[in-house]
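*Asks:* predicted structure and sequence below. I'll ask about it afterward.
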Number of protein chains: 2
Amino acid sequence: MSDLKDYLADRATEVDAALDAFLPSKRQRPSSLHDAMRYSLFAGGKRLRPVLALAAAEACGGEKEDALPAACAVELMHTYSLVHDDLPSMDDDDLRRGRPTCHKVYGEGMAVLTGDALLTEAFLVLSETKPTPRYPTSAFIAELAITGGSTRLIGGQVLDLEGEGRDLKKAELVRIHEAKTAALLTSSLRLGAMSANATPAKLEAITSFGYHLGLAFQVIDDILDVTQTTEKLGKTAGKDEAVSKATYPAVLGLENARKEAAKLTRKAMEALGPFKKSGDRLRQIAAYLLERDY
Amino acid sequence: MSDLKDYLADRATEVDAALDAFLPSKRQRPSSLHDAMRYSLFAGGKRLRPVLALAAAEACGGEKEDALPAACAVELMHTYSLVHDDLPSMDDDDLRRGRPTCHKVYGEGMAVLTGDALLTEAFLVLSETKPTPRYPTSAFIAELAITGGSTRLIGGQVLDLEGEGRDLKKAELVRIHEAKTAALLTSSLRLGAMSANATPAKLEAITSFGYHLGLAFQVIDDILDVTQTTEKLGKTAGKDEAVSKATYPAVLGLENARKEAAKLTRKAMEALGPFKKSGDRLRQIAAYLLERDY
């Protein structure tokens, strides 16, 4: 376990260094924009998605260096979606990762542009991925663009906004979480595996792992929003209920939501069948995510 | 001239058909989002940027079909930037291409997401470009991402917002217009030329042509904002002055702004030196843009 914590910390440090080297410096014009991009990106996030990309590459026998552009790209995509989701015209959140949200610090127009710039940078860094025999550059770009696009990440946010104040059925809730959370977690793993030239069978296993892990992760996030304090979360607690947002605890009840998280995590583990010892790191990470205090 | 008008209309029709085939249909979920994307994209724009991409490909001896993904990508990028620039937190515009702006029809949060989705689609369609011997897929993606990124398109919008109400010098104004307008026009031409596997010398000539044409185009836009009616423009006339935005007529005076436009267009024409008869279409388009009633 302390081995895992070291692993997670080391990988996060590597990703941070790569992001820092990749992003324009604060001194580059317009400095206000580059400052806002770095404020949002270097806010002490856990770097879960990039770490999953690197771990998937290693599980498929690749070098983590080859997965670094993909790892940076998914974190840029994730951060842009947080900056835009937090906007007053959307979830209207003041706090993120324990600090004032981008629009609270830099203003609303600047926060829109900061998100736009982070999104655009995601594709720039991803274009630096070395193509492999099975996966040309276009496969990497299409993977991220489909995941980030109107039917997944952005579509999920639309369904989420449209669902506020309505009673959602479980199937609708699953559809939102598939699109919003599971899709990007899955793509993080897939991009890492692709950078390692994964066989189709291994890529499929990684995909199923990501899907179930992503849903489990979101169920746990929903539970934590109910059971934890704002201080511990680093974002406003109880927010979902305050805006009548459908969550797993609200739809299933807290106890059933916990069972759902455990079931999804078990399915994620089973998906890793084709990986023997090489899948242990991914198993550890999945177990670690389930062990969060929810 | 009527030959040119037919050419422009035919190419615009081809681009519209390609965009229509590429975008998710309105029936796909979330239908509200896909509806908003199509509302903004199919608003009767002139398709200037995609037409330039196709014309540059033809000038470099390529097939226009090979330039279609790039042509669609630059129009998606252009439309996203309009949707976000029109937001209340930015230029706060109610009218675009003669119709209510996206956020007036769909609401502000949805307009942010619509822009995000159009931007993301730009990279998806661009990933379908066939790589050429000189230009791998990564070169196309990097071209669009750098142009759309924090130092060009988005950076220019930041400088523009920060410049409102201040007296800008000509050099500052040129920097904004280089970043906001000239960069995307230039990239439209460059991507088309790259899809035709242009030689480095021809790509350089196309780049200089685009830079001067793009600046000329923006000077003319500034002039039209002063001299024309809202009805004729299809967007709010006199808007620049109302928000104390720096423009060429404001900084140079109307007569000098007209001279500047003519000078820039002449430089654009000179840049096409390496193209003999194959550059005639690009020359015609540049002349046509200068002949707008300004």
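*Replies:* Cool, the structure landed. Numbers count the residues shown, from 1 in each chain, chains lettered A, B, ... in the order given.

*Asks:* next helix or strand past whichever strand or helix holds A:Ala17?
*Replies:* Element membership for A:Ala17 (DSSP states H and E) is helix A:2-22. As assigned by DSSP H and E, the chain's next helix or strand after helix A:2-22 is helix A:31-41.

*Asks:* send me that following helix as PDB with only the CA atoms.
*Replies:* Taking C-alpha atoms only, helix A:31-41 is exported to PDB below (Å, rounded to 0.1, in the frame of the first residue of the first chain):
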ATOM      1  CA  SER A  31       0.100  36.600 -19.300                       C
ATOM      2  CA  SER A  32      -3.300  36.800 -17.600                       C
ATOM      3  CA  LEU A  33      -4.500  33.800 -19.700                       C
ATOM      4  CA  HIS A  34      -1.500  31.700 -19.100                       C
ATOM      5  CA  ASP A  35      -1.700  32.500 -15.400                       C
ATOM      6  CA  ALA A  36      -5.300  31.400 -15.300                       C
ATOM      7  CA  MET A  37      -4.500  28.200 -17.200                       C
ATOM      8  CA  ARG A  38      -1.800  27.300 -14.700                       C
ATOM      9  CA  TYR A  39      -4.000  28.300 -11.700                       C
ATOM     10  CA  SER A  40      -6.600  25.800 -12.800                       C
ATOM     11  CA  LEU A  41      -4.200  23.100 -13.900                       C
END
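
*Asks:* for chain B, what are the nearby residues on the stretch 151-294 of chain A?
*Replies:* By the rule CB under 8 Å from any CB of the partner chain, the part of the stretch 151-294 of chain A lying against chain B is A:151, A:154-155, A:157-159, A:161-162. C-beta coordinates here come from the backbone N, C-alpha and C atoms, glycine included.

*Asks:* in helices, which of those residues fall?
*Replies:* A:154-155, A:157-159, A:161-162 (DSSP state H).

*Asks:* possible to save the residues you listed as JSON lines with pLDDT and distance to B:Glu255?
*Replies:* What follows is those, written out as JSON lines (pLDDT from 0 to 100; distance: CB to CB, whole Å):
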{"residue": "A:Ile154", "pLDDT": "98", "distance to B:Glu255": "47"}
{"residue": "A:Gly155", "pLDDT": "97", "distance to B:Glu255": "51"}
{"residue": "A:Gln157", "pLDDT": "94", "distance to B:Glu255": "49"}
{"residue": "A:Val158", "pLDDT": "95", "distance to B:Glu255": "49"}
{"residue": "A:Leu159", "pLDDT": "93", "distance to B:Glu255": "54"}
{"residue": "A:Leu161", "pLDDT": "88", "distance to B:Glu255": "50"}
{"residue": "A:Glu162", "pLDDT": "89", "distance to B:Glu255": "53"}
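
*Asks:* A:Asp66: how many residues sit nearby?
*Replies:* Residues lying near A:Asp66 (other CB atoms under 10 Å in any protein chain shown) number 18.

*Asks:* separation between A:His84 and A:Ala9?
*Replies:* 29 Å (CB to CB, to the nearest Å).

*Asks:* how about A:Pro133, secondary structure?
*Replies:* Under DSSP: H, G, I helix; E, B strand; the rest coil, A:Pro133 falls in the coil class.

*Asks:* surely it and A:Ala198 touch.
*Replies:* No - at 11.1 Å, A:Pro133 does not count as touching A:Ala198 under the criterion of CB atoms under 8 Å.

*Asks:* between these two, which is the more surrounded one?
*Replies:* A:Ala198 (25 against 6).

*Asks:* am I right that the more buried one sits in a helix?
*Replies:* No - remark: A:Ala198 does not belong to a helix; assigned using three-state DSSP, it is coil.

*Asks:* wouldn't it be in contact with A:Glu204 here?
*Replies:* No - counting by CB under 8 Å, A:Ala198 stays clear of A:Glu204, with 9.2 Å between them.

*Asks:* flag the shaky bits of chain A, pLDDT-wise.
*Replies:* For chain A, applying pLDDT under 70 flags the ranges A:1, A:229-235, A:237-244, A:293-294.

*Asks:* what about the strands in it?
*Replies:* Under the criterion DSSP state E, strands of chain A are mapped to A:95-96, A:99-100.

*Asks:* can you put the ones you listed in CSV and add mean neighbour count and distance to chain B?
*Replies:* Formatted as CSV, the strands of chain A follow (neighbours: other CB atoms under 10 Å in any protein chain shown; distance: least, CB to the nearest CB, whole Å):
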stretch, mean neighbour count, distance to chain B
strand A:95-96, 19, 16
strand A:99-100, 15, 17
